[in-house]
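Give me the fold of what follows.
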Amino acid sequence: MSSPGPATEEAGRDLAPAAAGPERFGPNSAEVSAFLDALGRLTAAQWRKVAAGRRSAAALVRDPTVQAADAIRFMLRGAPNGGDPPSEPSSNLALALAGPLEQRSDDEVIATWQAASALARRRQLAALTFAAHYMPFAGVIPLVTVEEPIPSVELFTKALRWLGEPQWRSLARSWTLDREASAALLQAAMKTRAREAEESAALAALAVASKHLSRDAGWAAVKTAVHGSRVLTCRPELTTDQLTVLWAPLEEAIALRSLDEQPVTARSPAPVKASKKKVAVDAPPPAPKKKVAPRRGPQYGPNSSEVTAFIKAVPILTAIQWLRVMDRRQLVASVTRERSAQPATVVRACLAAIRGIRHLDLEARCNVFSAVERAAYALESKDHLTAEQAAEHYGLLSEVIPLEQVDAATFAGRLAELNPEEWVRLAGLAPAVDVAAVSPLVSAGDALADHLAERTDEEISVTWQALAALVSRHLLSPIKFAVSFAPFASGVTVVKPKSLSPHVQRYLTAVGRLSAHQCTLLAEPWLLADDVSSKLSSAVTDGGARAAEEAAALAALVTVPMRLTGDAGWGAAKTAAYGARVIACRGKLSADDLSALWKPLERAIPLASLEAPSKSKS
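As a prediction, this is how the structure comes out:
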């Protein structure tokens, strides 16, 4: 048996029965109608994702049945451009798509027609053929599934997303199966419903393989991935020997044992020993002692309420809100030289570890998390370290994943393949860490790990940076916290306006309305006399000005970069944060001290402008 056939072949099995009555779009009209409804609600960002998916699929698929954009537009206008007229389902589909595709680009028109046509014949096409046509829309209009996914197949499709180029090249190698194993797989496939699993694996492989391989090699790797999903679906019907033979083409890239369901481990209660103490027959049984649970702090540390709000807000962000987050990240980056953001490869490794160690106790989870984070940084910096330094920082992970077999890009995928026994082994080797310091971030990351796994590299990097800053908010300076959290400031409120004095609120309004000239004035260098500076330091010892300074820094890091960039913008933002500290301590300063402290801001934001407006006399 060879790997599956070309992308345009018809399916030889799993044919759906013909509809009992006339259907508008054929036997799969319900799914096509849902697709058309969703098509009209796609945003500009989602259409860009469709066009990118179309280009990605085109790098692998050589499909001679693809029609040109002009021919499709003729059909949408009701003119078939020569040849036989289209069938009734096709003409109805063209009529339904005419409006949504009127202003779309050629790539979008071709991708939409292919996807809709394939969806109309979903059960009549081979799973791989259907996936090749529908892939551009898989991320924006998910397919309707009927059956519960098989856990091992879910793990397999997730593992495909994290494979590196060496693993994809191993999948692209040509392979054949002996006749006995091939026949066993075909017989088992007839007894199972493997189609949805094959579609899922094909879509996942098509989305990733093009990043590492192209044309024939990439297409061969995708077909091997689809074969793997079929094997996993038929696994209960196969013997151990047959399974080993059938999985051989994939074993080097994804070990079969890594796809076993992870058992839930629970500690068994300690055996009860018989008591040797004599008890009077008539004496009442002793009252059971109440177990006092050890006292723990808030789950997410001292800033638990704000972290909880952030965890609830991130999963429900819309596409437009994510675009706003990324825009604000770029604004902040234009004025700062921020180096605290973790690379996406490190964050993905941390998230993979968090998901893999959920069955361990809290102390073990913290130890393993810290070890994985350090190892991920070692791989990310491998080009700048000597072999000895890289091995030292990679540490105990080499006991399970040898350093020479992994790099920064593939590390998270290899972590996701580890089984519970391997995680327990790492927990036993990992050095102890301060659980109180590490556990808030581990718990917070656990709450977002599943959601972030599906986000882009830039999105998970900015989210993790904001989450880590929020967890450690009490340890960071206000401006440092604002740099990390500013992209999410409009979605999650961390400083309540009502908690600020009227003077501070008016100052924040002024910061939000800064002009380019005002920002230039704030960016000018300034220096305070020692005696004046010491008076401000004495006034802020109780921490009462922190909330105002954070709020001003968050506002400045959105407003200032739109007026100034580089060092000048950073200087203006720091001056704006300083102004909030001064105005928040106004009641503790004399008029002369306040005037001296306000000199760096006076020309941009006059102190008199922050006074309450006088009421006009009637």
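
and stretch 102-118, how far from the chain's centre?
28 Å (C-alpha atoms, centre = their mean, to the nearest Å).

do the same with stretch 342-356
Offset of stretch 342-356 from its chain centre (C-alpha atoms, centre = their mean): 10 Å.

and if you look at stretch 313-330?
12 Å.

cool, and stretch 209-216?
That offset, for stretch 209-216, works out to 23 Å (C-alpha atoms, centre = their mean).

Any idea how far apart the tips of that stretch sit?
Distance across stretch 209-216, first residue to last, is 11 Å (C-alpha to C-alpha, to the nearest Å).

mean confidence for it?
Taken as a whole, stretch 209-216 has a mean pLDDT of 80.

Please apply the same query to stretch 513-523.
Average pLDDT, stretch 513-523: 92.

Mind listing what's buried along it?
Residues 514, 518-523 are the ones in stretch 513-523 that count as buried (16 or more other C-beta atoms under 10 Å). Backbone N, C-alpha and C define where each C-beta goes, glycine included.

What is the burial count for residue 459?
Close neighbours of residue 459, defined as other C-beta atoms under 10 Å, add up to 18.

What residue, apart from its backbone neighbours, is nearest it spatially?
Nearest residue to residue 459, sequence neighbours excluded (C-beta to C-beta, 6 or more residues apart in numbering): residue 322, at 6.4 Å.

quick check: mean pLDDT across the helix or strand containing the one you found?
Taking DSSP states H and E as the definition, one finds residue 322 inside helix 319-333. Mean pLDDT, helix 319-333: 88.

Off-centre distance for it?
15 Å.

Touching that helix from outside, list them.
43, 45-46, 317, 338, 458-459, 462, 483, 486-491, 557-558, 561-562 (C-beta atoms under 8 Å, 6 or more residues apart in numbering).

what's around the closest residue in space to residue 141 that isn't next to it in sequence, how many residues?
Spatially, and ignoring its direct neighbours in sequence, residue 141 is nearest to residue 38 (4.6 Å; C-beta to C-beta, 6+ apart). The local packing of residue 38 (other C-beta under 10 Å) involves 14 other residues.

Residue 38 looks like it's in a strand, true?
No: in this structure, residue 38 is helix, not part of a strand, as judged by DSSP: H, G, I helix; E, B strand; the rest coil.

Look up how far residue 119 lies from it.
Distance of residue 38 to residue 119, given as C-beta to C-beta, to the nearest Å: 11 Å.

what residues are shared contacts of those two?
Common neighbours of residue 38 and residue 119, using C-beta under 8 Å, 6+ apart, do not exist here.

What's the per-residue pLDDT of residue 239 here?
We note a pLDDT of 87 for residue 239 in this prediction.

Equivalent analysis for residue 62, please.
pLDDT, read off for residue 62, is 66.

Next: residue 296.
On the pLDDT scale, residue 296 gets 49.

going forward, begin numbering at 431 instead of 1
Got it, the first residue is 431 from now on, which makes the last one we talked about residue 726.

Same list (the buried residues of stretch 943-953) but as JSON lines, adding distance to residue 1006 and secondary structure.
JSON lines is the format used below for these (distance: C-beta to C-beta, whole Å; DSSP: H, G, I helix; E, B strand; the rest coil):
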{"residue": "944", "distance to residue 1006": "8", "secondary structure": "coil"}
{"residue": "948", "distance to residue 1006": "10", "secondary structure": "helix"}
{"residue": "949", "distance to residue 1006": "9", "secondary structure": "helix"}
{"residue": "950", "distance to residue 1006": "13", "secondary structure": "helix"}
{"residue": "951", "distance to residue 1006": "11", "secondary structure": "helix"}
{"residue": "952", "distance to residue 1006": "6", "secondary structure": "helix"}
{"residue": "953", "distance to residue 1006": "10", "secondary structure": "coil"}
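
Farthest pair within those residues?
The largest separation in these, counting by C-beta to C-beta, is between 944 and 953 at 10.8 Å.

Quick check: neighbours shared by these two?
Contact with both residue 944 and residue 953 is made by residues residue 1002, according to C-beta under 8 Å, 6+ apart.

Tell me how far the residue nearest to residue 571 lies from residue 532.
Distance of residue 468 to residue 532, computed by C-beta to C-beta: 18 Å.

And for residue 978?
Taking C-beta to C-beta, one finds residue 978 at 52 Å from residue 532.

How about residue 944?
Separation of residue 944 from residue 532 (C-beta to C-beta): 43 Å.

now do residue 865
Taken as C-beta to C-beta, the span from residue 865 to residue 532 is 60 Å.

Same check on residue 775?
Taking C-beta to C-beta as the measure, residue 775 falls 42 Å from residue 532.

Just give me the neighbour total for residue 1013.
29.

the more surrounded of residue 978 and residue 532?
In terms of neighbours (other C-beta under 10 Å), residue 978 is the more surrounded of residue 978 and residue 532; the figures are 27 against 11.

so what's the nearest residue to the more buried one once chain neighbours are set aside scoring on pLDDT?
Nearest residue to residue 978, sequence neighbours excluded (C-beta to C-beta, 6+ apart): residue 1014, at 3.8 Å. As predicted, residue 1014 sits at a pLDDT of 89.

Run a quick neighbour tally on residue 1014.
If you count neighbours by other C-beta under 10 Å, residue 1014 ends up with 24.

That one touches residue 935, doesn't it?
No: applying C-beta atoms under 8 Å, one finds residue 1014 not in contact with residue 935, separated by 10.8 Å.

Now the common contact residues for those two.
Jointly contacting residue 1014 and residue 935 under the rule C-beta under 8 Å, 6+ apart is no residue at all.

Following the helix holding residue 752 in sequence, what is the next regular element?
helix 774-786.

Give me the packing partners of that following helix, helices and strands only.
Secondary-structure packing of helix 774-786 (3 or more C-beta pairs under 8 Å, 6 or more residues apart in numbering; DSSP states H and E): helix 792-810, helix 838-847, helix 865-882, helix 887-901.

The first one vs helix 838-847, what angle?
Relative orientation of helix 792-810 and helix 838-847, computed by axes from the mean of the first three to the mean of the last three C-alpha atoms, to 10 degrees: 150 degrees.
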